[in-house]
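J.: One predicted model, sequence on top.
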Amino acid sequence: MSIILSDLFDATKNSYHLQLIAGEDGLNTPIHWVQFTEDIETTDFLKGGELIFTTGMSANSENWLYDFITQLIKQKSCGLVLNIGRYIFADSISNDVIDLCTKCHFPFFTMPWKVHLATIMQDYSNRIFMQSYQEDRTTMAFQRLLLHPNELESSVDTLNNLGYETNAPYLVLICQNLESPTLLTKYLTNIGTKKYLFRIEERYVFIFQEASIESLSHELTNANFARLNPAICFGVGDLSDSLLNLHHSYKHALFALKAAQSQDLTCLSFTELGLFKLFFAVSDKTILTELVENNLAVLEAYDLKNNTSLIATLRLYIEHDGSIQAVADASFTHRNTINYRMKKIRQILKTELFTMEEKFNLRLAFLIKDFLSL
């Protein structure tokens, strides 16, 4: 994860005599780079996420600073450090500027003229570069660990050097359609003793050390991310006892994510999947396919040939514990029609559906069918 502005400010404010003038609510923002500029016209070249340094040398009017900050906000810069005492003085900073930064959550700092810009900018650049280097190493190591478990040794050695213990409990969270990883990090600040966020293809992966599944699920539910983005979805893996087994938690989280998406849920943990956990553990999935075919294939073939939906009626019958009235209500169909369909189903399946074993086999077949569709 990128360096957060608040962390950088806390670590260096005394060394460089930095004063936060306004925009405190925007401190929880990642810094992508530092940039020195004096000209409003050059702000169009900013890409976003830069911490801007300026002396105000080009200030040619009372509104210059206000207009300058307005452009920086437009370009999505993460903050401004104004080197005061030569061209602009602290007492000349207007309330309008302070109100603008406060309203837009734009961190605005001042730094005395005695502090050399080159010194602080070089320091910040080095910190950002080293953070980026560490992130690249960490991300590559975790990706190898999760996607290529046969290459564990080199990945674990790298992660050990980066401060991740081998024999510690770890947990994987996978998120689909996440628009603001910074916001997610903010909500999950208190989860685990150590955490790391990175991407694998279109999904974000969060690794937690010493985290609780219950606490994580609770925080995700309370944050109500679906309110901000209805398409967002989370899958939580099982707790792993070691980095050596973390790829299992990743696979479990990925499966929980797919299950959540299929049920239109925002969040689902692997521990909540019931019999699906048992199906997941079956290495030979052809066994599961055969169970479905042995119980449902003949009825599905009849539906396909005759353009009927007896398989749907049977599913409702099993789910409602054999209640004809409940099936009729659920399908908005007259109970006589349901009775006729069930008679036909019994003929096709050559079973009376009286015993618990018969119903269990069909219920199991439907569950496996749902599992295999994920």
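T.: Now that the structure is in, tell me what you want to look at. Numbers count the residues shown, from 1 in each chain.

J.: Q75 against I52, yeah?
T.: No. If you go by Cβ atoms under 8 Å, Q75 and I52 don't touch, sitting 9.1 Å apart. (Glycine included, C-beta is placed from N, CA and C.)

J.: Need the residues touching each of those two.
T.: L46 (Cβ atoms under 8 Å, 6 or more residues apart in numbering).

J.: Could you list every helix and strand in contact with the top helix by length along the chain?
T.: Ranked by number of residues, the top helix in the chain under DSSP state H is helix 117-147. On a contact count with 3 or more Cβ pairs under 8 Å, 6 or more residues apart in numbering; DSSP states H and E, helix 117-147 meets helix 5-12, strand 33-36, strand 50-54, helix 152-161, strand 194-200, strand 203-209, helix 246-262.

J.: could those go into JSON lines alongside distance to V298, mean neighbour count and mean pLDDT?
T.: Formatted as JSON lines, the helices and strands packed on helix 117-147 follow (distance: least, Cβ to Cβ, whole Å; neighbours: other Cβ atoms under 10 Å; pLDDT from 0 to 100):
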{"stretch": "helix 5-12", "distance to V298": "64", "mean neighbour count": "16", "mean pLDDT": "95"}
{"stretch": "strand 33-36", "distance to V298": "65", "mean neighbour count": "18", "mean pLDDT": "94"}
{"stretch": "strand 50-54", "distance to V298": "66", "mean neighbour count": "22", "mean pLDDT": "96"}
{"stretch": "helix 152-161", "distance to V298": "46", "mean neighbour count": "15", "mean pLDDT": "92"}
{"stretch": "strand 194-200", "distance to V298": "42", "mean neighbour count": "17", "mean pLDDT": "93"}
{"stretch": "strand 203-209", "distance to V298": "39", "mean neighbour count": "21", "mean pLDDT": "95"}
{"stretch": "helix 246-262", "distance to V298": "26", "mean neighbour count": "22", "mean pLDDT": "94"}
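
J.: Distance to A312 for those - can I get that in JSON lines?
T.: Converted to JSON lines, the helices and strands packed on helix 117-147 look like this (distance: least, Cβ to Cβ, whole Å):
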{"stretch": "helix 5-12", "distance to A312": "55"}
{"stretch": "strand 33-36", "distance to A312": "57"}
{"stretch": "strand 50-54", "distance to A312": "57"}
{"stretch": "helix 152-161", "distance to A312": "46"}
{"stretch": "strand 194-200", "distance to A312": "37"}
{"stretch": "strand 203-209", "distance to A312": "33"}
{"stretch": "helix 246-262", "distance to A312": "17"}
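
J.: so which of the ones you listed comes closest to L173?
T.: When the helices and strands packed on helix 117-147 are compared by Cβ to Cβ, strand 203-209 sits nearest L173, at 4.0 Å.

J.: could you pull out the strands for this protein?
T.: 19-22, 33-36, 50-54, 79-84, 108-112, 170-176, 194-200, 203-209, 233-236, 267-269 (DSSP state E).
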